[in-house]
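Student: this is a predicted model, with the sequence first.
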Amino acid sequence: MTAIIYARYSDDSQREESIEGQIRECMDFANKEGITVLNTYIDRAYSAKTDARPEFQKMIEDSKQKLFDAVIVWKLDRFARNRTDSAVYRSILRKNGVKVISAKENISDGPEGIILEAIIEGMSEYYSADLAVKVLRGMTDNALKGKFNGGNYTPGYTIDENKHFKVDPMTAPIIVEVF
């Protein structure tokens, strides 16, 4: 069997070691299973909540040439965190004779594998949606407390050691005059 490895991480705050670890564990899996790895497709700082990932799309296109039999991912959430995208792209891959294999999740080819895969995909989508709600809640709480959430600094203010906004006596008068 021949395969490619697909690896990704979601945002710029994550480290390159994340990709290296995914590839290492996928290669270990492939070697253990006697699978020949032909290539890697890597998306850096792309969320799996969407299919707008350049290397992911290239992998799907390349599957049409029937050059590989499988896509190995570290875990299924590297492939997609959206059940619809997962179903659509797994279907395309199946039509191209390509199977998606998780290196860390033991999913059988039998009927029980269907339900396990569906649960894992649902949990991945849930995790992503739940995390977004929690992050928004935390950012809202910070804003209500006058705390800095990150991003660009607000002109006329400084940020203290507790991440609170403080009026900057040097620039605030200029900002007041401008507005």
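Tutor: Thanks, I have the structure now. Remember, predicted model here, so these are calculated numbers, not experimental data. Numbering: from 1, shown residues only.
Student: the lowest-mean-pLDDT helix or strand in the chain: which residues count as buried?
Tutor: For the chain, counting by mean pLDDT, DSSP states H and E, helix 111-144 ranks last in confidence among helices and strands (a mean of 84). Residues of helix 111-144 classed as buried under the neighbour-count rule (16 or more other C-beta atoms under 10 Å) are 116-117, 120-121, 124-125, 128. Just so you know, the C-beta spots here come from the backbone N, C-alpha and C atoms, and that holds for glycine as well.
Student: look up how far residue 51 lies from residue 100.
Tutor: 14 Å (C-beta to C-beta, to the nearest Å).
Student: okay, those two: which has more neighbours?
Tutor: residue 100 (20 against 16; other C-beta atoms under 10 Å).
Student: for residue 88, see how far away the more buried one is.
Tutor: In terms of C-beta to C-beta, residue 100 sits 12 Å off from residue 88.
Student: mind listing the shared neighbours of those two?
Tutor: Overlap of the contact sets of residue 100 and residue 88 (by C-beta atoms under 8 Å, 6 or more residues apart in numbering) is empty.
Student: now the buried residues of helix 111-144 in JSON lines, with distance to residue 1?
Tutor: JSON lines is the format used below for these (distance: C-beta to C-beta, whole Å):
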{"residue": "116", "distance to residue 1": "21"}
{"residue": "117", "distance to residue 1": "19"}
{"residue": "120", "distance to residue 1": "22"}
{"residue": "121", "distance to residue 1": "23"}
{"residue": "124", "distance to residue 1": "25"}
{"residue": "125", "distance to residue 1": "29"}
{"residue": "128", "distance to residue 1": "31"}
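Student: now do the contacts for the nearest residue to residue 124 once chain neighbours are set aside.
Tutor: Excluding the flanking residues, the one nearest residue 124 by C-beta to C-beta, 6 or more residues apart in numbering is residue 77, at 4.0 Å. Residue 77 is in contact with 48, 120, 124, 127, counting by C-beta under 8 Å, 6+ apart.
Student: ok, those vs residue 178, which is closest?
Tutor: residue 48 (42.6 Å; C-beta to C-beta).
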